[in-house]
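Asker: Let me see the structure of the following:
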Amino acid sequence: MSSREALSIAQEQNLDLVLISPTATPPVCKIIDYGKFKFEQAKRLKEQRKAQKTVDIKEVQLSMTIDTHDVEVKARHAKRFLESGDKVKVSIRMRGRQQARPEMGIEVMNSFYEIVKDYGVIEKAPEIMGRNIFMVLAPVKK
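Answerer: Take a look at the predicted model:
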């Protein structure tokens, strides 16, 4: 149908001729109420945004001289964060002479991961950045 015919039909019905898909051959148009169309489109976008889950990054701080029970307590916190769908950033700040032995910090990170490996996967492996060691854990996909 030509665009003039469609426009005249739309004007008879007091509606608008709306271009739905301009890249198609031939272009696709609909005879609808444009205000209602825009309202429904905005409502659909709002519903999609509401359904999205934002991922937060929670941080758990360890030390190189942390005791086993303290690691277990921190791991319990990390498990709770991972179960709720958040990412966990595990960090260790090396102080003084600890900076000479960063491999000890990486061992602490690996032992921490062994405790929480059922709940999360390593998204970013332990990495030394200056005085800090960082690791990022992401929740396991269900």
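Asker: Now do the contacts for the residue nearest the centre of the chain.
Answerer: Most central residue of the chain, judged by C-alpha distance to the mean C-alpha position with CA atoms, centre = their mean, is V55 at 4.1 Å. For V55, the contact set (CB atoms under 8 Å, 6 or more residues apart in numbering) comprises 85-87. In this view, the C-beta of every residue, glycine as well, is placed from N, C-alpha and C.
Asker: go on, F81?
Answerer: For F81, the residues meeting the contact criterion (CB under 8 Å, 6+ apart) are 58, 60, 87-88.
Asker: Go ahead and report the secondary structure state at the nearest residue to L15 once chain neighbours are set aside.
Answerer: Nearest residue to L15 in three dimensions, chain neighbours excluded: I31, at 5.1 Å (CB to CB, 6 or more residues apart in numbering). Here I31 takes the strand state, with states given by DSSP: H, G, I helix; E, B strand; the rest coil.
Asker: which one of the contacts of F81 is nearest R97?
Answerer: V60 (23.8 Å; CB to CB).
Asker: Work out for me the element that closest one sits within.
Answerer: strand 57-62 (DSSP states H and E).
Asker: Any buried residues in the helix or strand following that strand, and which?
Answerer: Where DSSP H and E defines the elements, the next helix or strand beyond strand 57-62 is helix 68-83. Taking 16 or more other CB atoms under 10 Å as the neighbour-count basis, helix 68-83 is seen to contain the buried residues 71, 74-75, 78-79, 81-82.
Asker: Ok, stretch 14-31 next?
Answerer: Neighbour-count burial for stretch 14-31 flags 16-17, 29 (criterion: 16+ other CB under 10 Å).
Asker: Paired strands for whichever strand in the chain runs longest, with orientation please.
Answerer: Once the chain is assigned using DSSP state E, the strand that runs over the most residues is strand 120-129. Partner strands and pairing direction for strand 120-129 (DSSP bridges) are strand 132-139 (antiparallel).
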